[in-house]
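K.L.:
With the sequence up front, the predicted model follows.
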Amino acid sequence: MAEGVTDRLCAAYAAIGYDDLPESTVAACSRVLLDATGVMLAASGMAAEARPFIELAARSPGPCTILGTGLTAAAPQAALANGALAHALDYEDTFDAAFAHPNASLVPALLALAQEKGGIDGKRLIAAIAVGCDLSCRIGLALDRPMEEGGWYPPPINAAFGAALGAAHLLALDARALRDALSMMLCQAVMPGEIKYSQRTVLRAVREAFPAQAAVTSAQLAAGGVAGVEAPLEGRAGFYALFAGGEFSPERLTAGIGERFLVEELTFKPWPSCRGTHPFIEIGLELAAAGPDRIESIEVEVSPVQQMLVEPPERKRAPEVVIDAKFSIPFAMAVAIVRGRAGLDDFSAAALRDEAILAMARRISARIAADPALDRGAGGAATVRLKDGTHRRDQIPLARGAPSRPMSEDELAAKFADCASRAAVRPGEDQVRKLADAIRDPSAITNMRSLFEPIS
């Protein structure tokens, strides 16, 4: 048992402020805030699954913006609603190395707390993003045993601890109180793998609502002096013991804290679906240009991590709900082939009934291939049999959006503008531009309560 790991982490993170961040880290955090804000705005107008969360949150008066709605709420409830929005379209950033969505609960929690407390500037928000995202990524990297073996669904669980740490950091709590916030998150953070197997549930879409709200609660209770446990991560009944049988690497968890910020190593999504579908969307777009009518059949090669995106085959070829379509390689690939694109409008209730897409999805089969050339769930290959009897094989070792194949700043700006235009209460182009400019220069924001004034 590695004693003192949580204390070392919390001491290091408590000492980090905005002025300690490299320019590249500040820029990365600004991209996170821009992308997350845009995705939540789009979801407010497109994700019916989030509506009950918004309605519930709006019953609790407070100063915190529920993005895209014109409504406000108290901090825990605003975090709940915005957390539901943050992943509803499956369009937010990811950390490929650990299959994580480190910011989908973190950003909603930070925005809510900053607005409720008042007087918090953009620099403090950026520092909180940097440390919260960093911990979420490290928690996943340190695992030596997959959490799935215990029936858990890791992304929202791992992200919950980064969200709690980031929220406590935003409140300028000391190292012990950061540990207390992690302790209280340990009492709340769960997500069963059963959400992957239930055919009609939409919980997979709105899952980040729960850790986002829990992060706010954890930070507020820690600020109030509630004492937590001494070793919430490494203890004999702490995080790693409960979720991974105690099998983790303290070295991977702590190495280079304060020197290497993993927020700089995120993937920003070009397409609104599970990251594991992206290599096949990319291949599908190439096949669309060659002519969908020429295709007889396709066999995709997937890693074991992507197996959940192709099984059971019947369900994945004809998903019943939009979030399941976004977690389906056959459906996502068919969308790209048939429509020549895979945007927000292409994953919709109408698309689920598009016979051309369904017919193409039925032609796609899969086999599991533990191929080291395919990058752990963000790569893939496909063998295409054409009607003239010829074959072609396409391989994408690592799909677009990763740090080595990034979206450009112009592409990220266009994504934000497109997302913002789909909000439930739609802002004008000038409003969108002013909001984007404010997010790109966080050091100029003197009070986070004013951030969303351009679209209010």
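P.N.:
That came in fine, so what should we check first?
K.L.:
Report the contact partners of residue 391.
P.N.:
383-385 (C-beta atoms under 8 Å, 6 or more residues apart in numbering). C-betas here are computed from N, CA, C, even on glycine.
K.L.:
ok, it to residue 371 distance?
P.N.:
18 Å (C-beta to C-beta, to the nearest Å).
K.L.:
Residue 272 now?
P.N.:
Taking C-beta to C-beta, one finds residue 272 at 26 Å from residue 371.
K.L.:
Pull out the buried positions in stretch 351-364.
P.N.:
Within stretch 351-364, the residues scored as buried using 16 or more other C-beta atoms under 10 Å are 351-352, 354, 357-358, 360-361, 363-364.
K.L.:
center of the chain - which residue?
P.N.:
For the chain, the residue nearest the mean C-alpha position is residue 101 (3.2 Å; C-alpha atoms, centre = their mean).
K.L.:
wait, isn't that residue in contact with residue 204?
P.N.:
No: counting by C-beta atoms under 8 Å, residue 101 stays clear of residue 204, with 11.7 Å between them.
K.L.:
returning to that earlier point: can I get the buried residues of stretch 351-364 in JSON lines including secondary structure and distance to residue 454?
P.N.:
As requested, those are arranged in JSON lines below (DSSP: H, G, I helix; E, B strand; the rest coil; distance: C-beta to C-beta, whole Å):
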{"residue": "351", "secondary structure": "helix", "distance to residue 454": "32"}
{"residue": "352", "secondary structure": "helix", "distance to residue 454": "35"}
{"residue": "354", "secondary structure": "coil", "distance to residue 454": "37"}
{"residue": "357", "secondary structure": "helix", "distance to residue 454": "38"}
{"residue": "358", "secondary structure": "helix", "distance to residue 454": "42"}
{"residue": "360", "secondary structure": "helix", "distance to residue 454": "42"}
{"residue": "361", "secondary structure": "helix", "distance to residue 454": "41"}
{"residue": "363", "secondary structure": "coil", "distance to residue 454": "47"}
{"residue": "364", "secondary structure": "strand", "distance to residue 454": "44"}
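K.L.:
okay, now residue 333: neighbour count?
P.N.:
29 (other C-beta atoms under 10 Å).
K.L.:
now the helix or strand hosting it, how far from the centre of its chain.
P.N.:
Taking DSSP states H and E as the definition, residue 333 sits inside helix 329-339. In terms of C-alpha atoms, centre = their mean, to the nearest Å, the centre of helix 329-339 is found 22 Å from the chain centre.
K.L.:
again, but for stretch 142-160
P.N.:
For stretch 142-160 - counting by C-alpha atoms, centre = their mean - the centre lies 15 Å from the chain centre.
K.L.:
Flag every buried residue along that stretch.
P.N.:
Across stretch 142-160, burial judged by 16+ other C-beta under 10 Å covers 142-143, 147, 152-160.
K.L.:
now swap in stretch 437-450 and tell me
P.N.:
438-440, 442, 445, 448-449.
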